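# show me how the following folds:
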Amino acid sequence: MSALAQAKAHFTGHTRQSVDVPEWGAEGKPLRVFYGAMTVAQRRKVWRDEEGKVVDGNTACVRAILFQAFDKDGKRLFDDMDEHALTHEVDSEVVSRVGAVILGFVKGEPVKADKQVDDAKNG
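Take a look at the predicted model:
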């Protein structure tokens, strides 16, 4: 098997992971957000704007949720038109925490938005 075939097999073998979001839940149950490993193209879509410029960490967290958050059946939880609402009408602490988990920055531990911004600037 070639190195490329092995790399592809590794990627397709990833299982979906999930993060529970109590703040977005209903009826006393947290919203369970499913996400999977990302390709380079998917990461580029999260980290770059339409002109190819790198976006800040907060925007990347919003886009990670926007493009990579799924329900248990694999249906996207948000569509492209929800970026404004996730940026301007949703608690930034929750967006930062969930986006960071999807991006692989943390393993489910709460992270303050200020720390995410500092890490993005200094990283």
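
# which residue ranges form the helices in this structure?
Under the criterion DSSP state H, the chain contains helices at 3-12, 40-47, 57-68, 83-88, 92-103, 113-122.

# quick one: average confidence on stretch 97-115?
The average pLDDT for stretch 97-115 rounds to 74.

# same check on stretch 32-39?
Mean predicted lDDT for stretch 32-39 stands at 95.

# what about it, start to end distance?
End-to-end distance for stretch 32-39: 22 Å, by Cα to Cα, to the nearest Å.

# outside of that stretch itself, which residues are in contact with it?
For stretch 32-39, the surrounding residues in contact (Cβ atoms under 8 Å, 6 or more residues apart in numbering) are 11, 14-21, 46, 64-65, 68-72, 74, 77, 98, 101-102. Bear in mind the C-beta positions are built from the backbone N, C-alpha and C, glycine included.

# mark which of those are buried, thanks.
19, 21, 46, 64, 65, 68, 69, 70, 77, 98, 101, 102 (16 or more other Cβ atoms under 10 Å).

# which ones are touching residue 42?
67, 68 are the contacts of residue 42 under Cβ under 8 Å, 6+ apart.

# okay, it and residue 93: tell me how far apart.
Distance, residue 42 to residue 93, by Cβ to Cβ, to the nearest Å: 24 Å.

# hang on, the earlier thing: out of the helices of the chain, nearest to residue 31?
With respect to residue 31, and counting by Cβ to Cβ, the nearest of the helices of the chain is helix 92-103 at 9.4 Å.

# in that closest one, what counts as buried?
The neighbour-count check on helix 92-103 (16+ other Cβ under 10 Å) flags 92, 94, 95, 96, 97, 98, 99, 100, 101, 102, 103 as buried.

# kindly reformat the residues you listed as TSV containing distance to residue 52.
Listed next are the buried residues of helix 92-103 as TSV, based on distance: Cβ to Cβ, whole Å:
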residue	distance to residue 52
92	25
94	29
95	24
96	24
97	28
98	26
99	21
100	23
101	26
102	22
103	19
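
# any stretches of this structure with poor pLDDT?
106-123 (pLDDT under 70).

# ok, now with 90
1, 10-15, 50, 105-123 (pLDDT under 90).
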